[in-house]
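J.: Sharing a model prediction with you, sequence too.
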2 protein chains.
Amino acid sequence: MGKTSFIRKTSGILRSYFPILDWGSKYTGKTFANDMIVALIVTMMLIPQSLAYAILAGLPPEVGLYASMAPLLLYAIFGSSRALAVGPVAVASLMTAAAVGQLASQGTPEYLGAAVALAMVSGLLLLAMGFLKLGFLANFLSHPVIAGFITASGLQIAAGQLAPVLGIHAEGESFLDIVISLWHSIPTIHVATTAIGIGSLLFLFWVRSGLKPLLIRLGLSAKASDIMVKVGPVVAIVATILIVAGLGLADKGVRIVGKVPGGLPKLAMPPLDMALWMKILVPALLISIVGYVESISVALTLAAKKRQRVDPDQELIALGAANVGSAISGGFPVTGGFARSVVNFDAGAETPAAGAFTAVGIALTTMFLTPLLFFLPNATLAATIIVAVLSLVNFKALKHAWAFSKADFSAMAVTILITLIEGIEPGLIAGVALSIVLHLYSTSRPHIAMVGQIAGTPHFRNVKRHNVVIYPEILSLRVDESLFFPNARFVEEYVNEAVAANPDIKHVILECPAVNAIDISALESLEAINLRLKDGGITFHLSEVKGPVMDRLKRSDFIKELTGNVHLTQYSAVFSINPDLARQTLNANPLSPVQE
Amino acid sequence: MGKTSFIRKTSGILRSYFPILDWGSKYTGKTFANDMIVALIVTMMLIPQSLAYAILAGLPPEVGLYASMAPLLLYAIFGSSRALAVGPVAVASLMTAAAVGQLASQGTPEYLGAAVALAMVSGLLLLAMGFLKLGFLANFLSHPVIAGFITASGLQIAAGQLAPVLGIHAEGESFLDIVISLWHSIPTIHVATTAIGIGSLLFLFWVRSGLKPLLIRLGLSAKASDIMVKVGPVVAIVATILIVAGLGLADKGVRIVGKVPGGLPKLAMPPLDMALWMKILVPALLISIVGYVESISVALTLAAKKRQRVDPDQELIALGAANVGSAISGGFPVTGGFARSVVNFDAGAETPAAGAFTAVGIALTTMFLTPLLFFLPNATLAATIIVAVLSLVNFKALKHAWAFSKADFSAMAVTILITLIEGIEPGLIAGVALSIVLHLYSTSRPHIAMVGQIAGTPHFRNVKRHNVVIYPEILSLRVDESLFFPNARFVEEYVNEAVAANPDIKHVILECPAVNAIDISALESLEAINLRLKDGGITFHLSEVKGPVMDRLKRSDFIKELTGNVHLTQYSAVFSINPDLARQTLNANPLSPVQE
């Protein structure tokens, strides 16, 4: 290898693992100015979200800020999407609360330690999946399962946040538990808190629905209006801080965020506590996969708008690095957020540097603005969460799934029901398991057609759909799938059944035009079919076997042991068994000459 | 519904659940005489096996006899195979020992209770799988995994039985543990036991290899000789009982079976201990599936020789009933045994009644012959097990798998290694998980070909294999698999990548001749592709969509939202986009007129 080609190759590998080398080398002053403005907008949006999601995860609010610095910097280095904005998100925060809540009580150092460990393990899993190219594992979270899971999680989060909005207490590990708990707490509603909470809620809903048309009427562009809408929560926060501080409501029982420790987080490797890590392995895997699936679909959607590339395996590495970074800086699991990525994109983020600048914005907030958050009422943060998550709830998808496929509908309905009743981990696991079982079931029953010859042609078609000639002594079957262990035994049983039902049969031909691949289980099934037919005095033939499949079969003893032959076409198979019969049918229609 | 058709339908359902109604109505005196002779031979073979496998499972020997009565009677009523002989088998006995050994110590009533519960739960699972038509679940035990598992189990059983053959003690939950334990026990070898054990072993190996040629030379038929060979162990048992009794070896430290309680087992429902049942659920499921897979493949092989039918779902019910019967009569898990079913078949069993008569034979043995077993040395029983299981060990399969497919080889090698090192449950679970993951991985990467037009024809072929014309503004992709959630995202990413790599593209056509089915995840991927291409100013077309897939697509909004159209053929898709280009290529070769 020459020196130049070595350098080029090394540089290619470096660029693939560090996309920053690619866009960084083309960075200009204009891009910088642009990315700075974007960062300012996203920072405004991210401050309330990161505080709120930390509280949703059962953690002190500053942990949300910590999780919004290092991860953004690391994603800027490793991420392949130009617009993805990572940080704490609603569903991952709920999953964190569910996982960590089983190991420790909220407010204890063990609880915080477990949340940090969860980010660490989740990051390491994502990195491992990235380096081992295991991104395909995320495919097994099918669309109905993820859609159902997010709808149910959104409901659970909204129900849970109703408690701080009303100034009451409610707890539970599932939507159902929380609703029951809320019901029992209704008599203890706190009026001042409810006024702030419901007020914020109404204001935020109006921001979502009424503000944009207003801004457009006032002359703002649609895009600018959209961005202003996203900054709405900051207005609610500033207003309610002023109200609570001005009226002294904290002394009248309105719960406030209180003292948020300022300053940057201390960097520290989380302790290597294998016993703890093993306990959180399954939740960490679920958070990783759910987060990755959400993140990659946002990234792909935004990239396509500018015909940019997103590398799915590199995204695993970038999200993995972001989570490890979150853990080292005392944060909790993060992933790419839908709403803030769209804002990032719409505001015109040209490079991942916008994310890095956002991190700087959050760092400045942490250093200088935390005292201003003292009087921030929890009810306002809860209201911002409710408004954000209700947009995740989508029951229409259930209706679409019903119309499209009953199997998909069942997977979605089961995921929603079990999540609502039993909680998020059982719901997600049940959904994934059910959709894999349904999928394996459908692949275990391949379509097999009995075929006959179309009179006057050398073509063979399904006897159920075409008017064809069948020879009593020849059974022709066409398999319409690749042959693998999930369906191998089905083929065996099908042939066994078909032969038992037709005592006149002396030859069986398996037509394989759609068999793209074959594994050893299917090979052994073919061998078993061959031996069993031989015992019954029947020859076994194959036809239209594809090149790669034939190459494989030649590496076994099957071809040698086959009582019949492998034929290029179904017609030549029938011809080799009984030339007269085959020709006779052809001649029935003199207009179609043999086209072999 | 008329009265006659009601009766006919009811009778059909009854016959399908009770195959005995079918063959029983045609039963004659001649069949009876024949089945009686078969039963005598199988009884001779089954007595030593049922004692030996009970001891292998860590149970008192009479439990093996109990497991060889009720199950045979119940299989005769419910079984759809004419030749399958059920009862205790080697691998299921080892699995029983492994599962029950984790819950109780051998020799305690808890150990026996857990083994009986295992048969009960296993039977109920099989019945449930039968009624719910879940037989397809057994497909996921691929051939390489089952072959590897049986080879490794055979080695573990043989190693474990070397201890009684040598009169020493060895224990362990895996082959490796047992071999290490044997090694440490070598100094304590018991000479008289070893003489009997090794003597039996040599005799039994000679029976396998040398007796058959001798009998044939003496004028016996090959089939009769085969049957005599299978009765060989009875000779070893009788001989060693006489030696031990005659020489008083029991007093000199040779371990003997001792007092076997005579009489029929008491029938009793095992206690409904849900805590215990939940603990043994996974092992019971594994035993059920392994047993079923072995059993159904023997049944199918033997049925094919006489062109008989075997109903796979009915077999689940029959094996389920057999195991519930075993549990109620104080036995342990049973399934169809390979060797004894072949003997049953070769001896000429015409109906499952032969099995019922065998049960009577075992019952008579239990009632009258158990005192004769007092001096039976454990070493002889261990020798019969070793000879039986060594025929299960098959390393050649590993070589075949290597030649055929590296994925199959890995699944098999991992199953063997983990079983040998860690034990049978971890080995089987790892094998199944690995083979499912490998299968899902392969289905997650469908073959997609970029296609171009063969000059002068309306045909499109893979650009990598054929000399074809490509239009810079049209990207034609052919998907060679059904579209499902495991591969949906791959297609999305593939299109995204291909479009990013070719900035000239204005149209994408997805050719779907091999797409037999589509699920909602794939639909959403198609919708995402459509939207993203639209954002990039590219139209999206489909061609050659099959009828059932098109019906489904019409039930969604996809067709409405599609920026392009759905075309009957790939040629008409290209023609609709740019008629001139399409025609031009056709005219390049005036010999081939348009054949649309």
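T.: Alright, I've got the coordinates. Because the structure is predicted, anything quoted here is derived from the model rather than measured.

J.: Next to chain B, which bits of the stretch 451-596 of chain A? Give me the list.
T.: A:480-482, A:484-490, A:492-493, A:496-497, A:499-500, A:503, A:514, A:516-517, A:519-521, A:523-524, A:528, A:531-533, A:535-536, A:552, A:555-556 (C-beta under 8 Å from any C-beta of the partner chain). Where C-beta positions appear, they are placed from N, C-alpha and C, glycine not excepted.

J.: same deal with the stretch 251-400 of chain A?
T.: A:296-297, A:300-301, A:303-310, A:312, A:400.

J.: if we go to 10 Å?
T.: A:293, A:296-297, A:300-312, A:397, A:400 (C-beta under 10 Å from any C-beta of the partner chain).

J.: Ok, the stretch 101-250 of chain A next?
T.: Checking the stretch 101-250 of chain A against chain B by C-beta under 10 Å from any C-beta, the hits are A:133-147.

J.: can we see that at 8 Å?
T.: Counting by C-beta under 8 Å from any C-beta, the stretch 101-250 of chain A sits next to chain B at A:136, A:138, A:139, A:140, A:142, A:143, A:144.

J.: what kind of secondary structure is the second one in?
T.: Right, the one you point to is residue A:138. Using DSSP: H, G, I helix; E, B strand; the rest coil, the structure places residue A:138 in helix.

J.: So it is in contact with residue B:489, correct?
T.: Yes - using C-beta atoms under 8 Å, residue A:138 is in contact with residue B:489, at 7.4 Å.

J.: Name the residue in the two with the higher neighbour count.
T.: residue B:489 (26 against 23; other C-beta atoms under 10 Å in any protein chain shown).

J.: check contacts around that one.
T.: Residues near residue B:489 by C-beta atoms under 8 Å, 6 or more residues apart in numbering or on different chains: A:138, A:139, A:296, A:312, B:525.

J.: And the residues of the stretch 251-400 of chain A next to chain B, which of them are buried?
T.: Buried members of those, counted by 16 or more other C-beta atoms under 10 Å in any protein chain shown: A:293, A:296-297, A:300-304, A:307-312, A:397, A:400.

J.: that older thread, give me the subset of the residues of the stretch 251-400 of chain A next to chain B lying in strands.
T.: Using DSSP state E, no member of those falls in strands.

J.: So which of those are in helices?
T.: A:293, A:296, A:297, A:300, A:301, A:302, A:303, A:304, A:305, A:312, A:397, A:400 (DSSP state H).

J.: so what's the third one up against?
T.: Residues in contact with residue A:297, defined by C-beta under 8 Å, 6+ apart, are residue B:528.

J.: re the thing from before, out of the buried ones among the residues of the stretch 251-400 of chain A next to chain B, which one has the lowest pLDDT?
T.: Ranked by pLDDT, these bottom out at residue A:307, which has 68.

J.: Setting the sequence-adjacent residues aside, check what's closest to whatever residue of the stretch 151-300 of chain A ends up closest to chain B.
T.: Nearest to chain B in the stretch 151-300 of chain A, going by C-beta to the nearest C-beta, is residue A:300, at a distance of 6.1 Å. Nearest non-adjacent residue to residue A:300, counting by C-beta to C-beta, 6 or more residues apart in numbering or on different chains: residue A:310, 5.5 Å away.

J.: pretty sure the one you found contacts residue A:83?
T.: No - here residue A:310 does not reach residue A:83: they are 9.8 Å apart, not a contact under C-beta under 8 Å.

J.: Overlap in contacts, these two.
T.: Between them, residue A:310 and residue A:83 share these contacting residues under C-beta under 8 Å, 6+ apart: A:299, A:303.

J.: domain assignment for chain A?
T.: Domain ranges of chain A: A:3-142+A:165-174+A:184-394, A:448-587, per automatic domain parsing.

J.: Backbone torsions only: list them for residue A:566.
T.: Per-residue torsions, residue A:566: phi -100, psi 120 (degrees, to the nearest 10).

J.: Between the two ends of stretch A:256-263, what distance do you get?
T.: Terminal residues of stretch A:256-263 lie 20 Å apart, using C-alpha to C-alpha, to the nearest Å.

J.: Flag every buried residue along that stretch.
T.: A:256, A:257, A:260.

J.: Now whichever residue of the stretch 251-400 of chain A sits closest to chain B: closest residue in space that isn't a chain neighbour?
T.: When distances are taken as C-beta to the nearest C-beta, the stretch 251-400 of chain A reaches nearest to chain B at residue A:304, 3.1 Å away. For residue A:304, ignoring the flanking residues on the chain, the nearest one in space by C-beta to C-beta, 6+ apart is residue B:532 at 3.1 Å.

J.: count of residues packed around the residue of the stretch 401-550 of chain A found nearest chain B?
T.: Using C-beta to the nearest C-beta, the closest approach of the stretch 401-550 of chain A to chain B is made by residue A:532 at 3.1 Å. When neighbours are counted by other C-beta under 10 Å, residue A:532 registers 22.
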